[in-house]
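> sequence first, then the predicted structure:
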Amino acid sequence: MARNIQRHSARWSTEYSDHLPPAHEPLEALDDERLGRVADAYEALRFLSASVRKDGVRMTVGPTGAGKILFALCPQQLPPWDDPIRKGKGDRDSYLQYLLAVQNTIRRLHLQMESAGLDEPGFSALISRPNVTLPKLIDEYLWMTVTRCFEPPSKVALQRWASWKAE
């Protein structure tokens, strides 16, 4: 069975590697067609055999595994996708909606950074997270707010904290 899993993984890689964006192409630059191709690769990946349990039941990669594999393959563009964050069934269309939501968030962040005179490396340095990508930061934010139910500080609290630094 391990050979079958390797063969299926190799076939997926051959058929879908061109669906993934190159490292220099950021998520916010991907058009709907390109995002659809990424979602197609995700859909095929989530049904791949990952293992076989002792009782003979075949286990698939699944939605979380597929999202994390795509993140590992494209960490500059594709965010991981965990159970608590996932809305819907974890199918192709819900993954595509997730990518669109992250893409829109990145676009809004770029506008805010631009108004503050920052680019992505400058922003990452400002928050003491050099080399972290915006998709990964969004994943961490969702992990804190959705998975861990942490409520971020209000704008007033943040302004108060900033004033303490100025004193």
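Sure, I can see it.

> can you give me the helices in this structure?
With helices called from DSSP state H, the chain shows them at 2-16, 32-46, 62-73, 92-115, 120-126, 134-142, 155-166.

> so which elements touch the fifth one?
So the one you mean is helix 120-126. Packed against helix 120-126 by the contact rule (3 or more Cβ pairs under 8 Å, 6 or more residues apart in numbering; DSSP states H and E) you find helix 92-115. For every residue, glycine as well, the C-beta is placed using N, CA and C.

> can you tell me what sits against the helix it packs on?
The contact list for helix 92-115 (Cβ atoms under 8 Å, 6 or more residues apart in numbering) reads 26-28, 30, 35-36, 38-40, 42-43, 63, 66-67, 78-79, 81, 85-88, 119-120, 122-123, 134-135, 138.

> again, 6 Å this time
With Cβ atoms under 6 Å, 6 or more residues apart in numbering as the test, helix 92-115 has contacts from 27-28, 35, 39, 42-43, 79, 81, 88, 123, 134-135, 138.

> ignoring the adjacent residues along the chain, who's closest to the residue nearest the centre of the chain?
Residue closest to the average C-alpha location in the chain (Cα atoms, centre = their mean): Pro79, at 1.0 Å. Nearest non-adjacent residue to Pro79, counting by Cβ to Cβ, 6 or more residues apart in numbering: Pro135, 3.9 Å away.

> thought the one you found was touching Trp81?
No - using Cβ atoms under 6 Å, Pro135 is not in contact with Trp81; the gap is 10.4 Å.

> how far away is Pro75 from Leu118?
Pro75 sits 21 Å away from Leu118, taking Cβ to Cβ, to the nearest Å as the criterion.

> got it, and Leu142?
Distance of Leu142 to Leu118, computed by Cβ to Cβ: 22 Å.

> ok, now Pro21?
From Pro21 over to Leu118 (counting by Cβ to Cβ), the distance is 24 Å.
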